[in-house]
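[1] Sequence and predicted model, in that order:
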Amino acid sequence: MPIKLYSWPFSSGTRVAWALEELGIPYEYIALDAKKQQHLAPEYLAVNPHGKVPALVDGSQTFFESGAILLHLGTKYGVEKNLFPAGGGQARADAVSWTVWAMTELGPYMMQYLYHGLDTPVSFKKEDRSKAAGDYSLMHFNRQLEVLEARLGKQEYLLGAFTLADIAAASWLAIGGMFGLKLDRHPRVAAWCKRCAERPAFKRAQ
């Protein structure tokens, strides 16, 4: 039974599709129609009770939250494909840590900055924005980028070679780039994002 990925284009499900393309695993892409509120249908809520995308069905297991899905794919399929470290060592610890960091620190601060600090299609209306929230989010987002810049000064990817942990982080910055976010102050991060975006699997993902 192929893996089922429930998603829609240009969402957090895209990073899961990217991972599946990198792994070369057969999967069925089930595009939900948000306008028809298919993500709130009872049959979908049985898979993801939060009514959001993505969700993944792998045999008898169901997963939601893109970070959790990446960790599942990495631990179950990634080791054999050299896209996730084997357990028991610091490399696996690093992979888990960087993946969780991308979901809990890098991405959220970036998105809050987009919402409150910039004029983009996803930003709040000007009257609904908070300058304090925008400034605070930018400060923390820049701190995340500085740590990432330092990490990439030692190697081309987060763990040396490309892994699913890079997908977790680079996918956020790809979204930021779509909305005009610049990485001029972080040239190593910008170069790493370019390397990731040039991967064929990234271009196939939706």
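    It's in. Residues are numbered from 1 along each chain as shown.

[2] Go ahead and name everything in contact with stretch 135-150.
    For stretch 135-150, the surrounding residues in contact (CB atoms under 8 Å, 6 or more residues apart in numbering) are 101, 105-106, 109-110, 112-113, 116-117, 169, 183, 185-189, 192. Where C-beta positions appear, they are placed from N, C-alpha and C, glycine not excepted.

[3] Got a PyMOL select line for the buried ones in these?
    Command for PyMOL that selects the buried part of the contacts of stretch 135-150, burial taken from 16 or more other CB atoms under 10 Å:
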select buried, resi 101+105+106+109+110+112+113+116+117+169+183+186+188+189+192
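
[4] Mind checking which of the contacts of stretch 135-150 land in helices?
    If you go by DSSP state H, the contacts of stretch 135-150 have Trp101, Tyr109, Met110, Gln112, Tyr113, His116, Gly117, Ala169, Pro187, Arg188, Val189, Trp192 in helices.

[5] Helix, strand, or coil at the residue of the chain most remote from its centre?
    Relative to the centre of the chain, the most outlying C-alpha is that of Glu127, 29.4 Å out, by CA atoms, centre = their mean. At Glu127 the chain is in helix, as set by DSSP: H, G, I helix; E, B strand; the rest coil.

[6] what do you get for Val57?
    strand.

[7] how about the closest residue to it other than its chain neighbours, what does it touch?
    Nearest non-adjacent residue to Val57, counting by CB to CB, 6 or more residues apart in numbering: Lys4, 4.2 Å away. Contacts for Lys4 (CB under 8 Å, 6+ apart) come out as Tyr27, Glu28, Ile30, Leu56, Val57.
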